[in-house]
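Trainee: next come a sequence and a model predicted from it.
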Amino acid sequence: MAAVRYAHRFILMDMREAGKHEGAGLDIVTEESFGLGLIGCGSFGRFCLRAFDSMPGVRAAAVTGILPEPARRTGEEFGLPVCSDIHELTAREDVQIVHIATPPATHSELAITALRAGKHVLCEKPLATDMAEALRMADAAKTADCFLAVNLIMRYNPLNQAVAKILHSGLLGSPLHAYFENDAGDTLLGPDHWFWDRQISGGIFIEHGVHFFDLFQMWFGPGEIVAAQRSQRPHSQDIFDQVTCTARYGGVLATFYHGFHQPNRMELQETQIICERGRIRLREWVSTSIEVEFIGLQSELEALVALVPNASVETVALYDNDEREILGRHKTFKADGRFRIQGNTGMAKMDLYTHLIRTLLSDQILYAKDHRHQRLVTEENGVTSLAMAIEADRLSKH
């Protein structure tokens, strides 16, 4: 049957409404101001500084960096003091939060220095490049009674939260298989870039894969890596640009592929979750749209639509009489038809990314103000995602 559009659209909530649900948009309304000091003044550090400095209750206070010239330029751009190193930065009384935006191998020493100085830490992913250092960092945060948050923003995306609700509802039946494919751009990653140096980055699983190990844990619970592989770029000096692994989350088998080999304009990322009675598809690594295909009753369709932001529905097929009896996985159920639900965040990709990093920091500040606040991202997320990445990296070498 040809697809037929419903005459109406189910509009759920814009981002302001989404912010009222599970941490999707936490606004800080407080007279107390948290001063933020940045260490690492590359393009991403400056992007985050610009986003954080415009937040209620947050003000940029000072910057420093491993390389002095980018730090000087950043200080001039934002009108901020430039510190000589992490020690001078953490000695400032107007700095309560240190944002670490440096390469992964430097994270542990910088974070522990900041935590011992009594500063909260927002750390770019991964938490560290080995487990011993990650555990030292977590212990330092506990001792200092400060937050140590890793930039695992996926949990704050309203679409990823919608996926969690859909899976929890059971409307699609049990999840069976999931995969994430990342055909990433390497246009800006020249042969001498630190990304390829495993002593600095830890490799693709550790530097990048932690985002998706954490996201899948949000959806499916604790997981374990059961197999992994890697591929070396031909005629290269120890550049491994493709990795893949299989993980098991209870009854769900999941595969992850990361390849950094495309021109930036040809990047492609896609996530799919296959369930007993449908599938969920997300595109781009910071997903702005969602598609849910499902076979079932009209009442179940309406319940699904209520979980998808800005939803519209397409009828793929309608069933009558005996056609309504569906058999799958040795089980029978009733279905009025097959449907496709489309949803979105209502935001452009970079606007959404800005929203997510601001929400992450808001979540952590609410915890700093009152430890009864339950964060979506905790120190444990940084540790567990790193543990899976390290195991995938280990298995890929065999």
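Mentor: It's in. What you see is a predicted model; the values in this text were computed from it and never measured. Numbering: from 1, shown residues only.
Trainee: what's the weakest-modelled helix or strand in the protein?
Mentor: strand 4-5 (a mean of 30; mean pLDDT, DSSP states H and E).
Trainee: can you tell me the closest non-neighbouring residue to residue 179?
Mentor: residue 255 (4.4 Å; CB to CB, 6 or more residues apart in numbering). For the C-beta atoms, the positions are set from N, CA and C on the backbone; glycine is no exception.
Trainee: now that neighbour: which helix or strand?
Mentor: strand 252-262 (DSSP states H and E).
Trainee: residue closest to the middle of the protein?
Mentor: residue 154 (2.5 Å; CA atoms, centre = their mean).
Trainee: contacting residues for the residue lying closest to it once chain neighbours are set aside?
Mentor: Of all residues not flanking residue 154 in the chain, residue 215 sits nearest, at 4.1 Å (CB to CB, 6+ apart). The contact partners of residue 215, by CB atoms under 8 Å, 6 or more residues apart in numbering, come to 152, 154, 155, 160.
Trainee: looking at those, which is nearest residue 398?
Mentor: residue 152 (27.7 Å; CB to CB).
Trainee: on that earlier part again, thought the residue nearest to the centre of the chain was touching residue 212?
Mentor: Yes: assessed by CB atoms under 8 Å, residue 154 is found in contact with residue 212 at 7.4 Å.
Trainee: which neighbours do those two share?
Mentor: Joint contacts of residue 154 and residue 212 (CB under 8 Å, 6+ apart) do not exist.
Trainee: list the beta-bridge partners for residue 244.
Mentor: residue 229, residue 257 (DSSP bridges).
Trainee: I'd like to know how far it sits from residue 379.
Mentor: 28 Å (CB to CB, to the nearest Å).
Trainee: now do the helices in the stretch 101-250 of the chain.
Mentor: For the stretch 101-250 of the chain, applying DSSP state H, counting those that start in this stretch gives helices covering 107-116, 131-144, 158-169, 198-201, 204, 210-220.
Trainee: distance to residue 272 and mean pLDDT added to these, as TSV?
Mentor: Listed next are the helices of the stretch 101-250 of the chain as TSV, based on distance: least, CB to CB, whole Å; pLDDT from 0 to 100:
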stretch	distance to residue 272	mean pLDDT
helix 107-116	32	98
helix 131-144	30	98
helix 158-169	11	98
helix 198-201	27	96
helix 204	21	98
helix 210-220	12	98
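Trainee: that older thread, more neighbours: residue 244 and residue 379, which one.
Mentor: residue 379 (23 against 20; other CB atoms under 10 Å).
Trainee: what pLDDT is listed against the more buried one?
Mentor: On pLDDT, residue 379 comes in at 97.
Trainee: spit out the contact partners of residue 38.
Mentor: 45, 48, 49, 60, 62, 63, 64, 74, 98, 99, 101.
Trainee: and the next helix or strand past the helix or strand encompassing the fifth one?
Mentor: Under the criterion DSSP H and E, the helix or strand holding residue 62 is strand 58-64. Sequence-wise, the next helix or strand beyond strand 58-64 is helix 68-78, with elements assigned using DSSP H and E.
Trainee: and the helix or strand just after that next one, how far out from the chain's middle?
Mentor: From helix 68-78 onward toward the C-terminus, using DSSP H and E, the following helix or strand is helix 86-90. Its chain's average C-alpha position is 29 Å from that of helix 86-90, according to CA atoms, centre = their mean, to the nearest Å.
Trainee: only C-alpha atoms, please: export helix 86-90 in PDB.
Mentor: Extracted in PDB, the C-alpha atoms of helix 86-90 (Å, rounded to 0.1, in the frame of the first residue of the first chain):
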ATOM      1  CA  ILE A  86      46.800  25.400  35.900                       C
ATOM      2  CA  HIS A  87      48.200  26.300  39.300                       C
ATOM      3  CA  GLU A  88      47.800  30.000  38.700                       C
ATOM      4  CA  LEU A  89      44.300  29.400  37.400                       C
ATOM      5  CA  THR A  90      43.100  27.300  40.300                       C
END
